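In: A predicted structure for the sequence below; I have some questions about it.
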Amino acid sequence: MSVIAQPLTQNKSLRTGLRTLVEVSITGVCCVAFGLTVLFVLVTLITGKTAGTRDFVVYWATGQQFAHHANPYDSSAVLDIERHAGLPARYGAMYMRNLPWTLPLTYPLAFFSVRTASLLWTLMLLACLGVSMRLLWWMHGRPRNRLHLLGFAFAPALLCIMFGQTSILALLGLVLFLRLHAARPFMAGVSLWLCALKPHLFLPFAVVLLTWIVISRSYRILAGAVVALAASCAVVYLFDPMAWAQYAQMMRASGVAGSEFIPCLNLVLRLWLNPNALWLQYLPTTLACLWMLGYYWSRRTTWSWLEHGNLVMLVSVLAAPYAWPFDQVMVIPALLTGLYHIRSRNLLAAIALANACIEIAVYLEIRFPSAMYFWTLWAAPAWLAWYLLADHFSAKTFPMYQEESFAH
């Protein structure tokens with residue numbers, strides 16, 4: 001017996017040692033990647049020297065035009081403002097491609113220098129991310145662990161902070177909707193205005209939401225969304241009555257519809273099959289809408305946004321007609337759900353390593369142009385696959401929220 005037990009003990013020790021080595025290696029890579037990213041954010045906050053080179057400069061330049069009742073999509077005027085702010089010569093005019101009802105968000109930026117505005121914008125994004133993580137922690141029952149803090153280390157969230165992108169605001173809108181839809185439906189509808197900053201990320205989600213509103217007669221949510229959008233459109237009209245026509249002209253000229261490379265699977269599918277067939281880029285989105293509609297219909301009597309909405313959002317991001325790596329910040333609620341319910345160290349290591357790979361790709365961009373875009377195409381399907389595995393191996397089956405508790 002002792003002769004047999006000794007090799008078994010040695011094999012077990014070897015496996016334990018290898019697992020420890022792998023975990024230490026993954027932890028080291030993640031810490032280095034996260035540390036470099038945080039260092040960049042701190043340099044941005046303290047010095048402000050990169051303000052003109054971030055995507056943020058688009059919002060600042062647009063705000064300058066909008067606040068002065070000028071065309072916010074005028075390529076020559078916007079480019080001139082961006083150049084003076086520090087936009088490198090290798091870039092052409094950068095436009096704000098959000099729909100015109102987003103323009104009021106840029107208005108306050110016009111009253112600050114680009115450095116001051118960049119600092120305030122970054123602090124706002126950090127605050128929105130913090131509020132989102134806090135609300136998710138509350139909705140999970142305020143567990144004693146601090147897993148929700150991992151949202152601050154999620155690579156797409158860090159990219160949003162680095163570039164100054166509005167995807168974090170859309171995340172806050174999603175989290176507020178999940179938090180308020182049962183107890184304060186009108187305000188939940190108002191919060192969807194933030195989601196409308198990035199409507200292309202919510203197409204299957206929106207199809208399911210509208211169907212659910214009709215079936216459950218939750219028309220106060222729809223009323224809140226309509227009021228918020230109408231109010232923002234009214235503000236836009238007061239400053240620039242031609243904003244929608246100017247936006248349409250800009251979109252036709254900017255190349256986002258057909259000629260520009262965007263790092264998402266839908267565009268890769270179109271380029272692979274037929275680059276001139278623009279409809280191919282929207283085919284996966286259409287199929288995803290139908291799939292999620294069927295997913296909702298089969299669960300309509302027991303539907304819970306806090307439980308079933310995770311998969312809907314993951315599929316919406318994966319099947320978006322166009323999306324950048326930072327837009328994947330929208331999957332944080334789903335991934336956090338999985339993290340709270342798994343007991344597998346392997347799954348935790350896998351998501352940490354995936355984050356590190358994206359952060360490393362950002363720095364490889366210095367040596368290899370477009371590395372971040374070409375080397376992160378796997379990320380969106382990876383988040384969906386990880387969530388499905390976490391769902392399968394979790395100790396519970398996601399009955400995690402008690403919506404009625406939010407009514408008080």
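Out: Great, that's in hand.
In: Going by neighbour count, which residues of stretch 338-345 are buried?
Out: Residues of stretch 338-345 classed as buried: Gly338, Leu339, Tyr340, His341, Ile342 (neighbour count, 16 or more other Cβ atoms under 10 Å). All C-beta spots, glycine's among them, are computed from the backbone N, C-alpha and C.
In: Compute the first-to-last residue distance for it.
Out: In stretch 338-345, first residue to last residue: 12 Å (Cα to Cα, to the nearest Å).
In: For Val78, list the residues it contacts.
Out: Counting by Cβ atoms under 8 Å, 6 or more residues apart in numbering, Val78 touches Val58, Ala61, Thr62, Gln65, Pro72, Ala93, Met94, Tyr95.
In: Count the residues that sit near the third one.
Out: The reference is to Thr62. Using other Cβ atoms under 10 Å, Thr62 is surrounded by 27 other residues.
In: Quick check: which element contains it?
Out: According to DSSP states H and E, Thr62 maps onto helix 56-67.
In: between the helix or strand that that helix is followed by and helix 56-67, how big is the angle?
Out: For helix 56-67, the succeeding helix or strand toward the C-terminus, using DSSP H and E, is helix 75-85. Helix 75-85 runs at 120 degrees relative to helix 56-67, counting by axes from the mean of the first three to the mean of the last three Cα atoms, to 10 degrees.
In: Using a markdown table, lay out the buried residues of stretch 338-345 together with secondary structure and distance to Gln328.
Out: Formatted as a markdown table, those follow (DSSP: H, G, I helix; E, B strand; the rest coil; distance: Cβ to Cβ, whole Å):
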| residue | secondary structure | distance to Gln328 |
| --- | --- | --- |
| Gly338 | helix | 15 |
| Leu339 | helix | 16 |
| Tyr340 | helix | 19 |
| His341 | helix | 21 |
| Ile342 | coil | 20 |
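In: thinking again about what came up before, which member of the contacts of Val78 is positioned nearest Gln249?
Out: Checking the contacts of Val78 against Gln249 with Cβ to Cβ, the nearest one is Tyr95 at 10.8 Å.
In: May I see the buried residues of the helix or strand containing Met292?
Out: Using DSSP H and E, the element containing Met292 is helix 283-297. By neighbour count on 16+ other Cβ under 10 Å, the buried set for helix 283-297 is Leu283, Pro284, Thr285, Ala288, Cys289, Met292, Leu293, Tyr295, Tyr296.
In: Would you agree the third one is in contact with Ala323?
Out: Translated: Thr285. No - with contact defined as Cβ atoms under 8 Å, Thr285 does not reach Ala323; the gap is 10.6 Å.
In: before we move on, the earlier item: now tell me which of the buried residues of stretch 338-345 the prediction trusts least.
Out: Here the lowest pLDDT out of those sits on Ile342, with 75.
In: neighbours around the closest residue to that residue other than its chain neighbours, how many?
Out: The shortest distance from Ile342 to any non-neighbouring residue, by Cβ to Cβ, 6 or more residues apart in numbering, is to Ala390 (4.9 Å). The number of residues packed near Ala390 is 23, by other Cβ under 10 Å.
In: who's in contact with Ala390?
Out: Counting by Cβ under 8 Å, 6+ apart, Ala390 touches Thr337, Gly338, Leu339, His341, Ile342, Ser344, Leu347.
In: Would you mind listing the buried residues in stretch 227-238?
Out: Per 16+ other Cβ under 10 Å, stretch 227-238 contains these buried residues: Ala228, Leu229, Ser232, Cys233, Val236.
In: before we move on, what about stretch 350-358?
Out: Ala350, Ile351, Ala352, Ala354, Asn355, Ala356, Cys357, Ile358.
In: how much space between Gln65 and Arg54?
Out: Plainly put, Gln65 is 18 Å away from Arg54 if you go by Cβ to Cβ, to the nearest Å.
In: scratch that, Pro325 is what I was asking about
Out: Taken as Cβ to Cβ, the span from Pro325 to Arg54 is 15 Å.
In: same check, this time on Arg134
Out: Applying Cβ to Cβ to Arg134 and Arg54 gives a distance of 26 Å.
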